[in-house]
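**Student:** Turn this into a model:
(chains A, B, C and D)
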Protein chains: 2
Amino acid sequence: MVSVTGGEPLVLTIAGARALPSGPFESGHRSLQSGVRAWVEQQTHHPVGYVEQLYTFADRDRTEAAARVISISYLGLTRQARPGGDAAASWQSWYRYFPWEDHRAGAPAAVERLIAPALRDWAGSAPSLGGRRERRQRAGVNFGLDGHAWNEELVLQRYELLYEVGVVAEATRGSDRTCAAPAPGEPMLHDHRRILATGIARLRAKIKYRPVVFELMPPSFTLLQLQQSVEALAGQRMHKQNFRRLIEQQELVEETGRIATETGGRPAKLFRFRRAVQQERAFAGTKLPVTRGP
Amino acid sequence: MVSVTGGEPLVLTIAGARALPSGPFESGHRSLQSGVRAWVEQQTHHPVGYVEQLYTFADRDRTEAAARVISISYLGLTRQARPGGDAAASWQSWYRYFPWEDHRAGAPAAVERLIAPALRDWAGSAPSLGGRRERRQRAGVNFGLDGHAWNEELVLQRYELLYEVGVVAEATRGSDRTCAAPAPGEPMLHDHRRILATGIARLRAKIKYRPVVFELMPPSFTLLQLQQSVEALAGQRMHKQNFRRLIEQQELVEETGRIATETGGRPAKLFRFRRAVQQERAFAGTKLPVTRGP
DNA sequence: CCTGGAAATGCTCGATATGAGCATAAGGAG
DNA sequence: CTCCTTATGCTCATATCGAGCATTTCCAGG
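**Tutor:** Now for the predicted structure:
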């Protein structure tokens, strides 16, 4: 479950903020999707705006037990992020687990100080010259080093790279090694941090071609609030005027006629999501040079 | 398993071309993905170029049996499409099951003659005025009617719409109704046609932002062959010159130095895929107006 | 050898979309 | 009344996209 409140992307956690909510497979529902939705709503008393299947894991080395467990992970979006009845559950900023993913105030210092050196060491320790070159390139592409641009969608690839490099706490669990130079970021139980990385990556990709952000917004909002929600998810700052142009030209929103005055500056128009666009248009990234005529 | 041969998109089938290959869950592998890859290669003796998890189904009304079965569907791509050792397996054009998806020679006549009238009847039979309008709009968006543009990615939505309308053979199985005006296209067992639709949709979306077509191409190829493979998958014709421009400007291919002469016209340069691009770049659809400087 | 057909390849041109930034408006705090 | 802050409007250069013209280079057939 993901929410955005006050410009922070929040994720619902349990077990002292060290695990994602999970439940047993219930067979009372028509589909898995509806089962997940009902389960979350019952657990958190939040209406769930959007649910999407993420990935199914059944890897043998995933759990300590010999029995293979199949886990089907889901991404859910909700508007409200108040602590529910369950005291063990809490909302946490997802940057608590992935501090290197937040580039809203520029590249985090932790990347420079901790991650980049670890990546350099790792790249330099490859046996062959080609291997070193390949590792350096992979590190550069994933973390936006060596002149590569930062790509906010590579959340999972970055986490897996850090895992391979061995600076992720989860990577050394069960082995006799300890994490020599741990990367910043809280670990989670089992492979929950990997699942969360998958979810963040999916969401960051999705906001670009489907109007899912609105599932996280209150019924009416200013364009700055909308922008800040997108920035929270993408972990990047947006160009304000161009962001407005994008939203308005796509006719995703309409004015409510009301005005928000607590902006700190000039009052802002309040907008609401035009639900009709979901029916009018099919959102899909068009890129291929198709022919029009006969 | 999907392949492309001679400009036709092929899918590996079993059971007299009425089902997709499937197998039991094998626990000998490190991950599901590697298990699937090994299983397919063992069954078909084809090297599998690419494997991706599609979706996990566990819907109760999915099978006749009371026991709930979890099926994890995968999409695989391979270069070769020769009948393997298993005589029950065969490669079939996927348009055999979805004739309405092939717009390479314009909108298929079957859409006009069979599907559009059925959709009109269905839209007209909604109880309320708003419902009729909504249904008409949904039909228009999905099938490119009423001035809407055809969107080749909506494979699953179209199949599910036809299912709801009741013109799909699978929709009436088990009930006492028969399919009054069946839509064209061969049915499949269980929900395999739905899984295939999911796979086609995923592949059609993916070729736009990831260089997966090359998994289906021989080691060297002409740009026309490449274009025809994309056209086979997308079910649409491309603008030849713009297609080349797109491929070349992205530096996805490099010349082999050799020439193909059996083109029917001027000989064509042979190209090969630049595998290096997979490392150099991170492919992702960028759309958000991020800020560059400080 | 010459000609027409077919495909390959090169290039242009207008319409949009995108990135970046200037300028003005309209609140509140002091 | 002034400054600070955010909202909002607008411009401009550049990249990208859709469409189509033009030329090249092979083969087949007279």
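**Student:** Helices along the stretch 1-150 of chain A, start to end?
**Tutor:** When secondary structure is read from DSSP state H, counting those that start in this stretch, the stretch 1-150 of chain A shows helices at A:32-44, A:109-110, A:116-124, A:129-143.
**Student:** Format the ones you listed as a markdown table; extra columns: mean neighbour count.
**Tutor:** C-beta coordinates here come from the backbone N, C-alpha and C atoms, glycine included. As requested, these are exported to a markdown table (neighbours: other CB atoms under 10 Å in any protein chain shown):
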| stretch | mean neighbour count |
| --- | --- |
| helix A:32-44 | 18 |
| helix A:109-110 | 13 |
| helix A:116-124 | 16 |
| helix A:129-143 | 16 |
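**Student:** looking at these, which is closest to residue B:105?
**Tutor:** helix A:32-44 (37.1 Å; CB to CB).
**Student:** Could you give the average pLDDT over that closest one?
**Tutor:** The pLDDT scores in helix A:32-44 average 83.
**Student:** how far does it sit from the chain's center?
**Tutor:** 20 Å (CA atoms, centre = their mean, to the nearest Å).
**Student:** Which of the helices of the stretch 1-150 of chain A sits closest to residue A:256?
**Tutor:** Going by CB to CB, the one of those nearest residue A:256 is helix A:32-44, 27.4 Å.
**Student:** Give the burial count for the closest residue to DNA strand C within the stretch 51-200 of chain A, as a bare number.
**Tutor:** Using CB to the nearest atom of the strand, residue A:149 is the residue of the stretch 51-200 of chain A that sits closest to DNA strand C, at 10.5 Å. Look at residue A:149: counted by other CB atoms under 10 Å in any protein chain shown, it has 11 neighbours.
**Student:** ok, back up a step: what I need now is the helices of the stretch 1-150 of chain A written out in a markdown table, including distance to chain B for each item.
**Tutor:** Below are the helices of the stretch 1-150 of chain A laid out as a markdown table (distance: least, CB to the nearest CB, whole Å):
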| stretch | distance to chain B |
| --- | --- |
| helix A:32-44 | 5 |
| helix A:109-110 | 15 |
| helix A:116-124 | 13 |
| helix A:129-143 | 5 |
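**Student:** is it possible to export those to JSON lines including distance to residue A:71?
**Tutor:** Shown next, in JSON lines, are the helices of the stretch 1-150 of chain A (distance: least, CB to CB, whole Å):
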{"stretch": "helix A:32-44", "distance to residue A:71": "12"}
{"stretch": "helix A:109-110", "distance to residue A:71": "30"}
{"stretch": "helix A:116-124", "distance to residue A:71": "29"}
{"stretch": "helix A:129-143", "distance to residue A:71": "26"}
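**Student:** tell me which residues in stretch A:208-215 are buried?
**Tutor:** By neighbour count on 16 or more other CB atoms under 10 Å in any protein chain shown, the buried set for stretch A:208-215 is A:208, A:211-215.
**Student:** and if you look at stretch A:244-263?
**Tutor:** Neighbour-count burial for stretch A:244-263 flags A:244, A:246-247, A:252-253, A:260 (criterion: 16+ other CB under 10 Å).
**Student:** List the contacts of the residue of the stretch 51-200 of chain A closest to DNA strand C.
**Tutor:** Contact analysis of residue A:149 by CB atoms under 8 Å, 6 or more residues apart in numbering or on different chains lists nothing.
**Student:** Tell me the pLDDT of it.
**Tutor:** You'll see residue A:149 listed with a pLDDT of 90.
**Student:** same check, this time on residue A:80
**Tutor:** Looking at residue A:80, its pLDDT stands at 76.
**Student:** Run a quick neighbour tally on it.
**Tutor:** 15.
**Student:** That one against residue A:46, yeah?
**Tutor:** Yes: using CB atoms under 8 Å, residue A:80 is in contact with residue A:46, at 5.2 Å.
**Student:** Surely residue A:274 is in contact with residue A:256?
**Tutor:** No: using CB under 8 Å, residue A:274 is not in contact with residue A:256, being 11.3 Å away.
**Student:** between the helices of the stretch 1-150 of chain A, which gets nearest to DNA strand D?
**Tutor:** Proximity to DNA strand D (CB to the nearest atom of the strand) singles out helix A:129-143 among these, at 18.2 Å.
**Student:** Can you give me the distance of the residue of the stretch 101-250 of chain A found nearest DNA strand D to residue A:22?
**Tutor:** Here the stretch 101-250 of chain A gets closest to DNA strand D at one residue, residue A:224, 3.3 Å apart by CB to the nearest atom of the strand. According to CB to CB, to the nearest Å, residue A:224 stands 36 Å off from residue A:22.
**Student:** Report pLDDT for the most centrally placed residue in chain A.
**Tutor:** Among the residues of chain A, the one closest to the centroid is residue A:200, at 1.7 Å (CA atoms, centre = their mean). For residue A:200, the pLDDT comes out at 98.
**Student:** My read is that it contacts residue A:101, right?
**Tutor:** Yes: contact status for residue A:200 versus residue A:101: in contact at 7.0 Å, counting by CB under 8 Å.
**Student:** Quick check: neighbours shared by the two?
**Tutor:** Joint contacts of residue A:200 and residue A:101 (CB under 8 Å, 6+ apart) are A:94, A:155.
**Student:** starting at the chain centroid, how far to the host helix or strand of residue A:203?
**Tutor:** In this structure, residue A:203 sits in helix A:192-206 according to DSSP states H and E. From the chain centre to the centre of helix A:192-206 is a distance of 4 Å (CA atoms, centre = their mean).
**Student:** does any part of it sit near chain B?
**Tutor:** Yes: Helix A:192-206 comes into contact with chain B (CB under 8 Å from any CB of the partner chain), by way of residue A:205.
**Student:** hmm, who's touching that helix?
**Tutor:** Contacts of helix A:192-206 (CB under 8 Å, 6+ apart): A:2, A:9, A:11, A:18-20, A:52, A:54-55, A:57, A:73, A:75, A:77, A:94, A:97-98, A:101, A:152-156, A:158-160, A:163, A:168, A:170, A:187-188, A:212, A:233-235, B:284-285.
**Student:** hang on, residue A:254 in a strand?
**Tutor:** Yes: per DSSP: H, G, I helix; E, B strand; the rest coil, residue A:254 lies within a strand segment.
**Student:** list the contacts for it?
**Tutor:** A:271-272, A:274.
**Student:** Equivalent analysis for residue A:19, please.
**Tutor:** Taking CB under 8 Å, 6+ apart, we find residue A:19 in contact with A:13, A:188-190, A:192.
**Student:** What of residue A:185?
**Tutor:** Residues near residue A:185 by CB under 8 Å, 6+ apart: A:96-100, A:168.
**Student:** So what's the residue count around the nearest residue to residue A:89 once chain neighbours are set aside?
**Tutor:** Leaving aside its sequence neighbours, residue A:89 sits nearest to residue A:14 (CB to CB, 6 or more residues apart in numbering or on different chains; 5.2 Å). When neighbours are defined as other CB under 10 Å, residue A:14 has 17 of them.
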